[in-house]
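S.K.: The following comprises the amino acid sequence and a computationally predicted model.
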Amino acid sequence: MYLYGASGHGKVVAEIAEECGYSIEAFIDENLSKKSVLTYPVLHEIPPYDIEMLISIGNNKVRKRIVDQAEQFHYVTLFHPQANVSRSVRIGEGTIVMAGVSINAVVKIGKHCIINTNASVDHDCVIGDFVHISPNAALGGNVSVGEGTHIGIGANVIQGIKIGKWCTIGAGAVIISDIPDGSTVVGNPGKIIKSRNIKNRIVENMKLKVWLSSPHMGGNELKYINEAFDANWIAPLGPNVDGFEQDIEKFLSGRVKVAALSSGTAALHLALIECNVGHGDEVICQSMTFSASANPIAYQGATPVFIDSEKDTWNMCPDALQEAIIDRMAKGKKPKAIIVVHLYGMPAKMDEILSIAAEYDIPVIEDSAESLGSKYKGKACGTFGRFGILSFNGNKIITTSGGGALVCHSQEDKEKAVFLSTQARDNAPHYQHSHIGYNYRMSNISAGIGRGQMEVLADRVEGRRKMHDFYAEICKDMEGVELFSEPDSDFYSNHWLSVITIDETKALKTREDLRLAFLEEDIESRPIWKPMHLQPVFEDAPYYGGKVAETLFGNSLCLPSGTNLSDEDRERIAKVMIEVLSDKKEYSVSR
């Protein structure tokens, strides 16, 4: 059995599962940096197969959201051996009944409920799904409790009372009259201090989801796609591919050559091949990044050597880089390449990194998947290294649906990349191959989307930077909250994603508090990339540096940053942030 959630409640549930004779395979917790809890491993992503699971999270809304989004699981129901449960009780899947609980005859309890320690539920009660009855709470006979309601520690509900959906009954409250949906009740006798109409809640829940970074079409994409259909140029070559490459070259400087490919990962793979990286080699890679920066190293049979971040740009630390090169060379392993990432659009300290790379004659590959439009000292990111990598995935600043590009400094390097990306077919009348090739070329249709997107790229950069300004205004007076920003005027970020760090000792809230508050309002936010040296797949790889990247991962959150967010979307975002992190009551978006 797997337990979804490794917090304090998860530990309690784990012990109950053990006492019930279950074998726990692992915790699942996508936001916890620890590798194990209570001797059990922590998985940081959901296994892609049908598993037996129990949600070990106390928050009713979060449990419901997980169930709504993860239908493939088989949910376990747990009864602590020291619970006293009548044989006529009916209990739904995923519900947990803890030690000392007493449940009398003909009670019906829904799915995914928590009946906590020493709670008592008398005869004929009906408990809806996703209800939490806290320790020492007592329900008289014939009480009904609606979906999602939380009944606090030591609360008492007299016989025959009806409590609506999604209510909060405070600790120690005594409920002597019916409670409508959406109410918050405290005191003895219970008094409603807050009421939220469920009909209004339903309307609010019908609002469109606010995405972290969704595609934003410019309007002319369809024109280029139609031209491709009209001319029957559907294959991975054609006028749109040529035009898209030229558009990117012009945007970057006009002195580079660009090969349009199927993904940024494909571009990085080809860059490593052109740098002659092979089996048994080592490649230095920034640890704070998405796994696609490191995976192509493994494709080549090489070993990644991960480098910590520095605090100014969160990118590769030059000091740790030099330390790693010296140590690897002392061990007889000179790295074959250096992969530096411009994280979330923030340029790395390229002068220092390039100087170190030149000292040891190691080629630099820039992972600029997130930084199209960013500049360092006035020069475009992606044009500093021997190769640059661009991504046009659906969440990037511009998109081709899926796609990427390799930025080269010579026609020869571009031609080799195109050759390898089209299955490395030799120049012969028949199909002859002298090299291993790949199906990595971008299609003319995808390139048509890209041509339309290039027309609005400057606007998209400006729009992302305005979203960063929006967050700067919100966060300026928030104690313990810092917005990730350029360290000085040498750095110009496209702010692909705006990111904050939260010092919980000052803010008295955590990153998780804000993320879960966003989640309840259907607003997407995400922890920053989990460093590669902490990933299970790379746990044996060498690592150099301290705990900068690890610390940032633990307290940082990516915020919705799309250029197509409406004023209403921004109002919703601001409202949540202010409610969680500030004493201010409201924030108004300038229209």
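M.R.: Here it is on my side, so go on.
S.K.: For the chain, which residues score under the pLDDT cut-off?
M.R.: 32, 48-50, 70-72, 196-207, 583-591 (pLDDT under 70).
S.K.: Recalculate using a threshold of 80.
M.R.: 30-34, 44-51, 69-73, 195-207, 235-236, 254, 583-591 (pLDDT under 80).
S.K.: what about P41, helix or strand, and which?
M.R.: If you go by DSSP states H and E, P41 is part of strand 40-43.
S.K.: Name the strands paired with the next helix-or-strand element following that strand and say parallel or antiparallel.
M.R.: Going down the chain from strand 40-43, the next helix or strand is strand 52-55, by DSSP H and E. Applying DSSP bridges, strand 52-55 is found paired with strand 2-4 (parallel), strand 74-75 (parallel).
S.K.: tell me which residues of strand 52-55 are tucked away?
M.R.: Within strand 52-55, the residues that count as buried by 16 or more other C-beta atoms under 10 Å are M53, L54, I55. (Each C-beta comes from the backbone N, C-alpha and C, glycine too.)
S.K.: What's opposite the most centrally placed residue in the chain in the beta bridge?
M.R.: For the chain, the residue nearest the mean C-alpha position is R526 (3.8 Å; C-alpha atoms, centre = their mean). When assigned by DSSP bridges, R526 has beta-bridge partners C558.
S.K.: Wait, it touches L559, no?
M.R.: No. Counting by C-beta atoms under 8 Å, R526 stays clear of L559, with 9.0 Å between them.
S.K.: rewinding a little: of the strands paired with strand 52-55, flag the one that's most buried.
M.R.: The highest average neighbour count among the strands paired with strand 52-55, using mean count of other C-beta atoms under 10 Å, belongs to strand 2-4 at a mean of 24.
S.K.: what's the following helix or strand after it?
M.R.: By DSSP H and E, the next helix or strand past strand 2-4 is helix 8-19.
S.K.: isn't D522 right next to Q69, touching?
M.R.: No. With contacts counted by C-beta under 8 Å, D522 stays clear of Q69, the gap being 11.6 Å.
S.K.: which one of the two has more residues nearby?
M.R.: D522 (16 against 8; other C-beta atoms under 10 Å).
S.K.: Name the nearest residue to the more buried one, ignoring sequence neighbours.
M.R.: Distance criterion C-beta to C-beta, 6 or more residues apart in numbering; nearest residue to D522, sequence neighbours excluded, is K209 at 4.8 Å.
S.K.: Just list the residues touching S561, thanks.
M.R.: L212, S213, R464, M467, H468, H495, W496, L497, S498 (C-beta atoms under 8 Å, 6 or more residues apart in numbering).
S.K.: quick one: it from K466, how far?
M.R.: Using C-beta to C-beta, to the nearest Å, S561 is found at 10 Å from K466.
S.K.: what about I389, helix or strand, and which?
M.R.: Using DSSP H and E, I389 falls in strand 387-391.
S.K.: Pull up the pairing partners for that strand, direction included.
M.R.: Next to strand 387-391 in the sheet, as set by DSSP bridges, lie strand 364-367 (parallel), strand 404-408 (antiparallel).
S.K.: of all those, which lies closest to A17?
M.R.: Comparing those against A17 with C-beta to C-beta, the closest turns out to be strand 364-367 (41.9 Å).
S.K.: how far is that closest one from where the chain is centred?
M.R.: 23 Å (C-alpha atoms, centre = their mean, to the nearest Å).
S.K.: So which elements touch the helix ranked longest in the chain?
M.R.: Ranked by number of residues, the top helix in the chain under DSSP state H is helix 457-475. Judged by 3 or more C-beta pairs under 8 Å, 6 or more residues apart in numbering; DSSP states H and E, helix 457-475 is in contact with strand 481-483, strand 498-502, helix 567-581.
S.K.: Any chance of the ones you listed in CSV with mean neighbour count as columns?
M.R.: Shown next, in CSV, are the helices and strands packed on helix 457-475 (neighbours: other C-beta atoms under 10 Å):
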stretch, mean neighbour count
strand 481-483, 19
strand 498-502, 24
helix 567-581, 18
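S.K.: right, so of those, which gets closest to N104?
M.R.: Nearest to N104, of all those, is helix 567-581, at 39.9 Å by C-beta to C-beta.
S.K.: what's the angle between the closest one and strand 498-502?
M.R.: Put simply, helix 567-581 runs at 10 degrees to strand 498-502, going by axes from the mean of the first three to the mean of the last three C-alpha atoms, to 10 degrees.
S.K.: just to revisit the earlier point, would you turn the helices and strands packed on helix 457-475 into TSV with distance to N31?
M.R.: As requested, the helices and strands packed on helix 457-475 are exported to TSV (distance: least, C-beta to C-beta, whole Å):
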stretch	distance to N31
strand 481-483	18
strand 498-502	13
helix 567-581	16
